[in-house]
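J.: Structure for this input, please:
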Amino acid sequence: MQQIPSSRAARAAAVAAGALGATGLVIAAPALAQAWPAKPVRIIVAFPPGGISDFAARAIAPGLTEALRQTVVVENRGGAAGAIGTEVVAKSAPDGHTLLAHTVTFTVGPHMTASPPADPLRDVMAVTQIIDAPNILVVTPSMPVRSVKELVALAAKRRGELSFASSGYGSGTHLSGELFKLLAKIDMIHIAYKGGGPAVADLLGGHVPTMFSTLPSVTSHVAAGRLRALAVTGARRFPSVPEVPTMIEAGVAGYSFSGWSGIFAPIGTPREIAVRFAEETARVLRAPGFRDKLLIQGADAVGSTPDEFAAFVRSEYARWGQLVRQSGIKAEQ
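T.: So this is what the prediction gives:
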């Protein structure tokens, strides 16, 4: 039986095959893919435990372990706004055994500095989007507004006086607010906290009047009347809060934001491996009752193909690049 080559040898063989013609590539790639995975698969989460990418990766890991008949291990390598974990994966062998879990911020960061440490279009290849996770716009009950239109009118009247909290500079909750400011043509002060917990605590304490928050952080407070929900940021109403309109329905044309999470692989990973991982992930996401578990955490299942996710990443990259340029936000010093 022909021995499967090592990752380094496989890359050399692929280059040689490319010089000879497409036939060699067609033969070599399926052979490598059929043997995958030959050992445990690591999903490197580019952030500390507890974030959306960590949740998404850990949600699918047990099902993938069963489907692939190899252990799927989730490993957190946070730091440098996701650049450390990304570098680990980008420098790994492109054999499908080391993958990256990242979020929407991956498509934003490169535009916020002249020398980005990591870039989703340059350093890795897209495999599949796992989840879609919109935010929700909430205000304190003391705010004299009951709709997004009323909030926009108040912000226009009190230009530069109203503030919104976020879980951190450059975070999804920050971007949600910046997009709101841009599309609604209003000026609000951004107050960055070190995490969603402290931000919500100050929101409940009345120290900041409004916030774009993840759903799990505030829905219980909304139900109890401690906060008022004005809109969700996704393109569609979210199943767990169907009574809350989207930002578009609430009057902000063109508004759509998702704190998505997806899987990336080192450049050069065989397409067949990426396709199989995406297919198995989609099967896990379609398992009975799995979507309900995600909805409780404020996320919805996606399970896209590598081509679909690559196109989505490119569109997000262009979209957030435009927002960064127009809003003037820079990487935090």
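
J.: C-alpha only now, for contacts and for neighbours.
T.: OK.

J.: what's the model's confidence in stretch 172-185, averaged?
T.: Stretch 172-185 shows a mean pLDDT of 95.

J.: Show me which residues of that stretch are buried.
T.: 172-181, 184 (16 or more other Cα atoms under 10 Å).

J.: Sheet partners, orientation included, of the longest strand anywhere in the chain?
T.: Assignment by DSSP state E gives strand 124-132 as the longest strand of the chain. Strands that pair with strand 124-132, judged by DSSP bridges, come out as strand 261-266 (antiparallel), strand 300-301 (antiparallel).

J.: Dump the ones you listed into TSV; add mean pLDDT, distance to residue 228 and mean neighbour count as well.
T.: Formatted as TSV, the strands paired with strand 124-132 follow (pLDDT from 0 to 100; distance: least, Cα to Cα, whole Å; neighbours: other Cα atoms under 10 Å):
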stretch	mean pLDDT	distance to residue 228	mean neighbour count
strand 261-266	98	27	27
strand 300-301	96	23	22
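
J.: Of these, which is nearest residue 325?
T.: strand 261-266 (23.5 Å; Cα to Cα).

J.: and residue 295, how many residues sit next to it?
T.: 18 (other Cα atoms under 10 Å).

J.: Mind telling me what element it is part of?
T.: Using DSSP states H and E, residue 295 falls within helix 290-296.

J.: list the helices and strands that helix packs on?
T.: Counting contacts by 3 or more Cα pairs under 8 Å, 6 or more residues apart in numbering; DSSP states H and E, helix 290-296 is packed against strand 300-301.

J.: quick revisit: which residues does the longest strand of the chain contact?
T.: Strand 124-132 has contacts (Cα atoms under 8 Å, 6 or more residues apart in numbering) with 56, 89-90, 120, 258-267, 274-275, 277-278, 281, 299-310, 313.

J.: who are the neighbours in contact with the closest residue to residue 106 other than its chain neighbours?
T.: Counting by Cα to Cα, 6 or more residues apart in numbering, the nearest residue to residue 106 once its immediate chain neighbours are dropped is residue 120, at 6.4 Å. By Cα under 8 Å, 6+ apart, the residues touching residue 120 are 106-107, 126, 313.

J.: can you pick the most crowded of those?
T.: Using other Cα under 10 Å as the neighbour test, the contacts of residue 120 are led by residue 126, with 26 neighbours.

J.: Now do that residue against residue 303, distance only.
T.: 12 Å (Cα to Cα, to the nearest Å).

J.: just residue 289 next, same as before
T.: Relative to residue 303, and taking Cα to Cα, residue 289 is found at 15 Å.
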